[in-house]
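J.: Provided below are the primary sequence and the corresponding predicted coordinates.
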Amino acid sequence: MLTTREAILLKVETTYKVDATPTASADAILVSELAPSNEGLRMLERNNIKPSIATDQSVFAGTLKKLAFTAEVKGSGTAGTAPEIGQALRCCGLDETIVAGTSVAYQPVSDGQETCTIYYYQEGRLRKMTGCVGTASISAENGAYASIAFEFTGHDAGLADSTFPTISYDSTVPSAFMDINFQIDSYGPIINSMTLDLANTIVMPGDVRDEFGFGKLRITKRDPNGSIDPESATLATYDFETKFKAGTRMALNTGEVGKVSGNKWRLTASIALREIGQGDRDQIRTDELSFGCHETNTDDEFTLTFL
């Protein structure tokens, strides 16, 4: 089986752990760096005492499945229509707000979090996962398009031989992370890269009624955080050091990435610095800034908007 011939379909569930039956025409996500694995695997050792020093066979006592993949950050091609990664974002603890013909925004939510079914096609077989929840991390660098690394955990819903369906992907091409009005408050730092990690905590409670001994998966905590690398400037220009020590909140705004309606995105966040370091980029001194995103009212630490 070729690792270059794989595909995933992802669809939000109506009922937890009930196969949402994603379709190849509506629920495919164009991805890279697919990495499947077991999660919470329990293999019980049997430490019996007997004349022989041989080890007894272990007992399988359940597992969940994990699937990591990376996708492009891009719009749907139509303003007000959710992007290809929209359903995946919703199942990472984000709420989706659609303004018809204008925008689709994603913001953290603490209640009513959604789950999804994932179909993972390999060359010749199909793995199904249900009740999936995830976390994600955005990386954006000057001169490249932004990407988002997802990591989903879900229940094992079976593995079977299967052929590829006829899959339809969104043909929209991502925009490069450049020619943008990036700002911290009203200051325009010269940065080369930015990250944002949702840092969701996913719990895997036990349930003896379940086939593999696992109950409902939940996101119980989040700690969105990230980094930027502005060129160092005088304190009179912008004083990151004082704001760091005082715990001052700052408004981060990437500005609109992309120029075409339906294929633009913007990230805004309320941030506080967690660490300041010194870096070197092409013999130019930089400030290596780590930050946390924090709510001002409720569930508003950051907003990712597609325009």
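T.: It's in. All of these numbers come straight from a predicted model, not from anything done at the bench.

J.: now the helices for the stretch 201-307 of the chain?
T.: 240-246 (DSSP state H, counting those that start in this stretch).

J.: for Ser175, what are its contacts?
T.: By C-beta atoms under 8 Å, 6 or more residues apart in numbering, the contact list for Ser175 reads 74, 145, 257-260, 263-264. Quick note: C-beta positions are derived from backbone N, CA and C, even for glycine.

J.: show the backbone phi and psi for Ala88.
T.: phi -70, psi -40 (degrees, to the nearest 10).

J.: neighbours around it, how many?
T.: 25 (other C-beta atoms under 10 Å).

J.: confidence score at the residue nearest the centre of the chain?
T.: With distances taken as C-alpha atoms, centre = their mean, Ala136 lies nearest the centre of the chain, 1.7 Å away. Looking at Ala136, its pLDDT is 98.

J.: ok, the nearest residue to Thr172 once chain neighbours are set aside to Thr115 distance?
T.: Taking C-beta to C-beta, 6 or more residues apart in numbering, and ignoring the residues beside it in sequence, Thr172 has Gly77 as its nearest neighbour in space, at 4.4 Å. Using C-beta to C-beta, to the nearest Å, one gets 27 Å for the distance from Gly77 to Thr115.

J.: higher neighbour count, those two?
T.: More neighbours surround Thr115 than the other of Gly77 and Thr115, with 26 against 16 (other C-beta under 10 Å).

J.: isn't that one right up against Lys17?
T.: Yes - Thr115 is within contact range of Lys17, at 7.4 Å (criterion: C-beta atoms under 8 Å).

J.: list residues touching both of the two?
T.: 130-131.

J.: can you give me the strands in the stretch 151-300 of the chain?
T.: For the stretch 151-300 of the chain, the strands defined by DSSP state E, counting those that start in this stretch cover 183-184, 193-197, 200-203, 218-222, 225-228, 250-253, 265-281, 284-293.

J.: which SS state does Leu89 fall under?
T.: helix (DSSP: H, G, I helix; E, B strand; the rest coil).

J.: same question, Gln57
T.: coil.

J.: so what's it up against?
T.: Contacts of Gln57 (C-beta under 8 Å, 6+ apart): Arg46.

J.: secondary structure class of Ile148, three-state.
T.: Reduced to three states by three-state DSSP, Ile148 is strand.

J.: what's the pLDDT at it?
T.: pLDDT at Ile148 comes out at 98.

J.: for the residue nearest to it when sequence neighbours are not counted, name its beta-bridge partners.
T.: Residue nearest to Ile148 in three dimensions, not counting chain neighbours: Ile138, with 5.0 Å by C-beta to C-beta, 6+ apart. Note on Ile138: beta-bridge partners by DSSP bridges are Ile148, Leu196.

J.: residue contacts, Ile138?
T.: 73, 146-148, 194-197, 226, 267, 304.
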